[in-house]
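1. test case, fold it:
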Amino acid sequence: MKRVCTILSVSLTLAVAGMDATTNPIDRNSWRLISFGHTRMAVPPGIVLRFTDGSYEGFAGCNGISGEYHLESDSLKLTQNPSTQLACRYISAETKFRKLLSETDSYEVRNDRLEMKSDGRPILIFAKDSDISTSDTNRTADR
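-> Model (predicted):
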């Protein structure tokens, strides 16, 4: 019995360790918002998400944002943790961004672009941004 548990434990560890960027293309990457899908709303500077091991953190325009995400095939579900509620000149864009995150049901990654989709249509489009560090996602917006 002990040997079976050890084998299962090692197998599970290897399976989790095997989930890298080839199986999860959004994990361990920073993504900068470049478009609200096909709407004409301007994207404020600095909206970014960083995904790591089933959770994400970032900056939503006025406030920090964090939560959990779940990938399965091309399905993507995001939950949001409570956050500060500071107002700034980008609050309407932040409100839209948070709403669209909650509506996301699938995704596609192509050419260093992440498209979050709802009902098959792109609603948030991000560019891979390797120059963003975790500390950069915690800055304060212009007020």
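2. for the rest of this, base every contact and every neighbour count on C-alpha atoms.
-> OK.
3. the lowest-mean-pLDDT helix or strand in the chain: what's the following helix or strand?
-> The weakest-scoring helix or strand in the chain, judged by mean pLDDT, DSSP states H and E, is helix 2-17 (a mean of 37). On the C-terminal side of helix 2-17, the nearest following helix or strand under DSSP states H and E is strand 29-35.
4. now do that following strand: distance to the chain's middle.
-> Distance, stretch centre to chain centre, for strand 29-35: 8 Å (C-alpha atoms, centre = their mean, to the nearest Å).
5. helices of this protein, start to end?
-> Taking DSSP state H as the criterion, the chain carries its helices at 2-17, 91-103.
6. how many residues are close by R28?
-> 16 (other C-alpha atoms under 10 Å).
7. let me fix that, I meant to ask about G67.
-> 16.
8. excluding its backbone neighbours, what's nearest it?
-> Using C-alpha to C-alpha, 6 or more residues apart in numbering and skipping the chain neighbours, the partner closest in space to G67 is Q80 (4.3 Å).
9. is it true that the one you found touches E68?
-> Yes - taking contacts as C-alpha atoms under 8 Å, Q80 lies within contact range of E68: 6.8 Å.
10. who does the nearest residue to L49 once chain neighbours are set aside form a beta bridge with?
-> Spatial nearest neighbour of L49, excluding adjacent residues (C-alpha to C-alpha, 6+ apart): G58 at 4.4 Å. Taking DSSP bridges as the rule, G58 bridges to L49, I65.
11. ok, G58 touching T52?
-> No - contact criterion C-alpha under 8 Å: G58 and T52 do not qualify, at 11.3 Å.
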